[in-house]
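Chemist: Just a sequence and a predicted model for now, questions to come.
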Amino acid sequence: MNGDRISDSERLYEEALEVLPGGVSRNTVFRKPHPFYAVRAEGAYLYDLEGVERIDFSNNMTSLIHGHSFPPVVEAVTAQLQKGTAFTMATEIEVRFAQLMCQRVPGFEKIRFVNSGTEAVMACIKASRAFTGKAKIAKAEGAYHGTYDYAEVSQTANPANWGDADRPDSVAHTMGTPQGVLSDVLIIPFNDSARALSILNESSGDIACVLIDPLPHRVGLIPATSEFVGDLHRWCMDNDALLVFDEVVTFRSTYSGAQSWYDVKPDLTALGKMIGGGFPVGAFAGRDDVMAVLDPRQEKMLFPHSGTFSANPISMTAGKVAIEHFDQAAVNRLNTLTDYARQTIEDAIKLTGISACVSGGGSLLRVHLKGEQPTSYRSAFLNKKETQILKKLLDELYARNIMPINTCSFALSTVMTEREIESLGRALVDAFHNIKDLL
Ligand SMILES: Cc1ncc(COP(=O)(O)O)c(C=O)c1O
């Protein structure tokens, strides 16, 4: 605000409130008193309507692995735009992109493209049901997997409704979720094999799949242990259920996704975000015999599936170029830079003496306003006071030209350098100083 004059963003938000619920199309961008409005972005930098430049550590919620307006993607997509954006025909580019993905990941025998991570997770669940003939699924408490009814159960469970740790309740995320949905979703505690297996054993004959994100952001960006993944895999094999990995976010972690951290392969994997090169995308991939439920050559298809914009040539072109440029050298460089960022954040914590810590893996980090490393959704959960302090921390960072993800997480991109990390370090030192006494 400038005297009595309202800013361009305030004016635009007033207009937005007239036509969009709460003035936004995705709650992720909502903030008080109004959202930031992006005008343009290049590489690691994002510019808002007021002309403020920020280092973008959100990268459209982890999806822009090469930052903004990555020249090879811009060039390839511009060329494709001249030739058409979507056809009621298959295209060569979807075949080439599918080949690239299947060559890259040992467990990807077949792949199908969709338009979002939500759709990809939904398709994995439906494919698991079609393949096994069973209805129930299991997922970790607090894990975010998009907005499919079954996938969002207990995503925002809280101490008032999450129930006993031995047998967490299935908590509706959206008002009006049918009881049938809740009773078909078993909630397991993340990284707690003993409790998880005991819950699974209660419904052993009815479970189509166990859905796991190997580094679940909302649970606390805590890596799944090899023991937990191995135990779930063994249980699935013993009980004719499928192990499904949600790698919508974590595929950026290594050359072949976070699944390469483990000795076992998931039966199906949901993908999205970075594999679209900045355009809307999703995909699901895995075992040939499971993916056969989609095969339209079958007289009786078990899982009939389509989508108007699935495998559209714009997303396929952008995604293929983005993945080609995320070669082993790029992965190594990005993950080394992330180690440096982690050290930088830890140094800022030490220097300021704030009660905080860092979690993460691959090219993702999250700051917790907790003195001790959280090990579960329940221990990472922020109470009301901590949530208010987190908001203040985010405001302090925005004011210092840093754009984090709104859980105070950071998704790095390949165009970042030590320079951006050092700016983050300086901003964190100042921000931590300003909030430290509130904790
Ligand atoms: C782990 C995970 N799965 C699925 C999704 C849903 O993806 P989309 O927003 O593309 O529907 C998200 C989105 O943030 C996610 O973080």
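Modeler: Alright, I've got the coordinates.
Chemist: what does the stretch 51-200 of the chain put close to the ligand?
Modeler: By C-beta under 6 Å from any ligand atom, the part of the stretch 51-200 of the chain that sits against the ligand consists of M61, S116, G117, T118, V121, Y144, H145, G146. For every residue, glycine as well, the C-beta is placed using N, CA and C.
Chemist: switch to 5 Å and redo it
Modeler: Taking C-beta under 5 Å from any ligand atom as the measure of proximity, the stretch 51-200 of the chain contacts the ligand at S116, G117, T118, H145, G146.
Chemist: with these in mind, which one is nearest to the ligand?
Modeler: Distance ranking of those against the ligand, using C-beta to the nearest ligand atom, places G117 first at 2.3 Å.
Chemist: which phi and psi does that closest one have?
Modeler: Main-chain torsions, G117, degrees, to the nearest 10: phi -70, psi -40.
Chemist: ditto for A16
Modeler: Dihedral angles phi and psi of A16 (degrees, to the nearest 10) take the values phi -60, psi -40.
Chemist: quick one: pLDDT of M1?
Modeler: Reported pLDDT at M1 in the predicted model: 47.
Chemist: That should have said L439, apologies.
Modeler: Here the pLDDT value assigned to L439 is 88.
Chemist: dump the residue contacts of it.
Modeler: Contacts were defined as C-beta atoms under 8 Å, 6 or more residues apart in numbering; by that measure L439 touches I354, S355, L369, E386, I389.
Chemist: ok so, going back, in the residues of the stretch 51-200 of the chain next to the ligand, which residue is surrounded by the most others?
Modeler: With neighbours set by other C-beta atoms under 10 Å, the maximum within these is found at G117, which has 31 neighbours.
Chemist: and the residue lying closest to that one once chain neighbours are set aside, what are its bridge partners?
Modeler: Take G117 and drop its neighbours on the chain: the residue closest to it by C-beta to C-beta, 6 or more residues apart in numbering is G272, 3.1 Å away. Residues found in beta-bridge contact with G272 (criterion: DSSP bridges) are G282.
Chemist: measure G272 to the ligand for me?
Modeler: Taking C-beta to the nearest ligand atom, to the nearest Å as the measure, G272 falls 4 Å from the ligand.
Chemist: correct me, but that residue touches C124?
Modeler: No. Contact between G272 and C124 fails when scored by C-beta atoms under 8 Å: they sit 11.4 Å apart.
Chemist: Those two - which one has more neighbours?
Modeler: Higher neighbour count among G272 and C124: C124, with 31 against 27, using other C-beta under 10 Å.
Chemist: Return the backbone torsion pair for the more buried one.
Modeler: On the backbone of C124 - angles per degrees, to the nearest 10 - the values are phi -60, psi -40.
Chemist: Check the gap between it and R112 for me.
Modeler: Counting by C-beta to C-beta, to the nearest Å, the gap between C124 and R112 amounts to 10 Å.
Chemist: if I look at these two, which residues touch both of them?
Modeler: When contacts are counted by C-beta under 8 Å, 6+ apart, C124 and R112 are jointly contacted by F284.
Chemist: quick one: contacts for V367?
Modeler: With contacts defined as C-beta under 8 Å, 6+ apart, V367 is in contact with I345, A356, C357, V358, L393, C408, S409, F410, L428.
Chemist: The ligand versus the residue lying closest to it once chain neighbours are set aside, what's the distance?
Modeler: If you skip the residues right next to it in sequence, V367 has C408 as its closest partner in space, 4.4 Å away by C-beta to C-beta, 6+ apart. From C408 across to the ligand, the span is 16 Å (C-beta to the nearest ligand atom).
Chemist: Help me confirm that C408 comes into contact with G360.
Modeler: No. Using C-beta under 8 Å, C408 makes no contact with G360, being 11.4 Å away.
Chemist: Find the residues that touch each one of the two.
Modeler: R366.
Chemist: What are the boundaries of the strands in this protein?
Modeler: With DSSP state E, the ranges of strands along the chain come out as 38-42, 45-48, 53-56, 110-114, 136-140, 185-188, 207-212, 242-246, 268-272, 282-286, 357-361, 364-368, 402-403, 409-411.
Chemist: is it possible to export those to a markdown table including distance to R104 and mean pLDDT?
Modeler: Putting the strands of the chain into a markdown table (distance: least, C-beta to C-beta, whole Å; pLDDT from 0 to 100) gives the following:
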| stretch | distance to R104 | mean pLDDT |
| --- | --- | --- |
| strand 38-42 | 27 | 98 |
| strand 45-48 | 29 | 98 |
| strand 53-56 | 26 | 98 |
| strand 110-114 | 10 | 98 |
| strand 136-140 | 26 | 98 |
| strand 185-188 | 29 | 98 |
| strand 207-212 | 21 | 98 |
| strand 242-246 | 15 | 99 |
| strand 268-272 | 11 | 99 |
| strand 282-286 | 10 | 99 |
| strand 357-361 | 19 | 98 |
| strand 364-368 | 20 | 98 |
| strand 402-403 | 30 | 98 |
| strand 409-411 | 20 | 98 |
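Chemist: Adding distance to R5, write those out as JSON lines.
Modeler: Listed next are the strands of the chain as JSON lines, based on distance: least, C-beta to C-beta, whole Å:
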{"stretch": "strand 38-42", "distance to R5": "19"}
{"stretch": "strand 45-48", "distance to R5": "17"}
{"stretch": "strand 53-56", "distance to R5": "22"}
{"stretch": "strand 110-114", "distance to R5": "46"}
{"stretch": "strand 136-140", "distance to R5": "49"}
{"stretch": "strand 185-188", "distance to R5": "50"}
{"stretch": "strand 207-212", "distance to R5": "50"}
{"stretch": "strand 242-246", "distance to R5": "46"}
{"stretch": "strand 268-272", "distance to R5": "41"}
{"stretch": "strand 282-286", "distance to R5": "43"}
{"stretch": "strand 357-361", "distance to R5": "41"}
{"stretch": "strand 364-368", "distance to R5": "35"}
{"stretch": "strand 402-403", "distance to R5": "25"}
{"stretch": "strand 409-411", "distance to R5": "34"}
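Chemist: Ramachandran coordinates for the residue positioned nearest the centre of the chain?
Modeler: Here the mean C-alpha position of the chain is nearest to the C-alpha of V249 (C-alpha atoms, centre = their mean), at a distance of 3.5 Å. Main-chain dihedrals, V249, degrees, to the nearest 10: phi -90, psi -40.
Chemist: Just give the closest residue to D289, not the sequence neighbours.
Modeler: Using C-beta to C-beta, 6+ apart, the nearest residue to D289 is F131, at 7.8 Å.
Chemist: and the gap between that neighbour and the ligand?
Modeler: The value you get for F131 to the ligand, if C-beta to the nearest ligand atom is used, is 21 Å.
Chemist: And for L438?
Modeler: For L438, the distance to the ligand equals 29 Å [C-beta to the nearest ligand atom].
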